[in-house]
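1. Give me coordinates for this.
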Amino acid sequence: MRRDQFHILVFCWPRVIPNVLEICRQLEHFDGRKTVIDASPGPAPTVTAGWDWVKIHPDSYYGSQFEAALARMNEEACLLIVGDMESPDWVAAATVCSDRLDAFPTIGVWSAEVDNTAWPTQATRIRTIPDTEMQIVRQTDCCVWALRRPIVARLRQLTFGMNNLGWGIDWAAMAICFGNGMVAVRDPKVMIHHPPGTHYQGGEATAQMNRFLDQLNEGEKALVQLLSTPIAAR
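-> Down below sits the predicted model:
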């Protein structure tokens, strides 16, 4: 994929600033647009060349960070990285992502293989893309993932004000992806470490998710239900 059509966005908050700066350092010479969405108070830290550092309200969690990112996505595809994710080689990860999207135009949502996820690949796998290791999945989670332009365009039509915590954005992306004749994949060629733990209440996150997903059209809601219901329960 042409690098001028590829945008990397990293989500930042106070306790992950050192890790975000390391991600920025590793990707300093990676061609393409690069943006940090920062929900920490105070001035922006000194960052390596080639990065835009965007400050948003310090009370912003994933949903509000994602909304701020959406407003800045104008390229053919974007790679979003949550600021506490860890990789020994972010250039390799971004390169694989860009190359996969270029080689497989039916991939609407690409995700790295992330540990400590609520959605392990073996529980969400549909099938393997022939001649690759990539798994078509019902859910990717949204820690290190890429969205193609049509997914972004539909997500922009949704309201995020009720969903600061951000649960359900991944389900909306899945429904939009499959509803547009594309697939969502996990790619074991890129392995990412996700430090376990959260710093908010799941009950409130679920309530926000339900309000957010209620905006989807009836076809998208049906796809969310189909994708999120285990086969054994059907």
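2. use CA for all of it now, contacts and neighbours both
-> Fine.
3. how near is the nearest residue to Gln139 once chain neighbours are set aside to Leu223?
-> The spatially closest residue to Gln139, leaving aside those adjacent along the chain, is Thr124, at 6.0 Å (C-alpha to C-alpha, 6 or more residues apart in numbering). Distance of Thr124 to Leu223, computed by C-alpha to C-alpha, to the nearest Å: 14 Å.
4. And whichever helix in the chain runs longest, what does it pack against?
-> As assigned by DSSP state H, the longest helix anywhere in the chain is helix 90-103. Using 3 or more C-alpha pairs under 8 Å, 6 or more residues apart in numbering; DSSP states H and E as the contact criterion, the elements in contact with helix 90-103 are helix 17-26, strand 107-114, strand 183-192.
5. Distance from the chain centre to it, please.
-> With C-alpha atoms, centre = their mean, to the nearest Å as the basis, helix 90-103 stands 14 Å off its chain's centre.
6. Please apply the same query to stretch 34-43.
-> 17 Å.
7. measure that stretch end to end?
-> From start residue to end residue, stretch 34-43 stretches across 19 Å - C-alpha to C-alpha.
8. Could you pull out the buried residues of that stretch?
-> 34-40 (16 or more other C-alpha atoms under 10 Å).
9. Settle this for me: Gly181 is touching Val109, isn't it.
-> No. Using C-alpha atoms under 8 Å, Gly181 makes no contact with Val109, being 11.6 Å away.
10. Pick out whichever of those two has more residues nearby.
-> The neighbour comparison of Gly181 against Val109 (other C-alpha atoms under 10 Å) goes to Val109, with 31 against 10.
11. for the more buried one, what are its contacts?
-> Shown in contact with Val109 (C-alpha atoms under 8 Å, 6 or more residues apart in numbering): 145-148, 151, 173-174, 177, 183-185.
12. and what of Val185?
-> Applying C-alpha under 8 Å, 6+ apart, the residues contacting Val185 are 107, 109-111, 134-137, 140.
13. Closest one of these to Pro196?
-> Thr140 (16.5 Å; C-alpha to C-alpha).
14. ok, that closest one - contacts?
-> By C-alpha under 8 Å, 6+ apart, the contact set of Thr140 is 110-111, 119, 121, 170, 184-186.
15. Helices along the protein, start to end?
-> Using DSSP H, helices in the chain cover 17-26, 62-70, 90-103, 121-124, 149-155, 169-179, 202-213, 218-228.
16. That'll do, ta.
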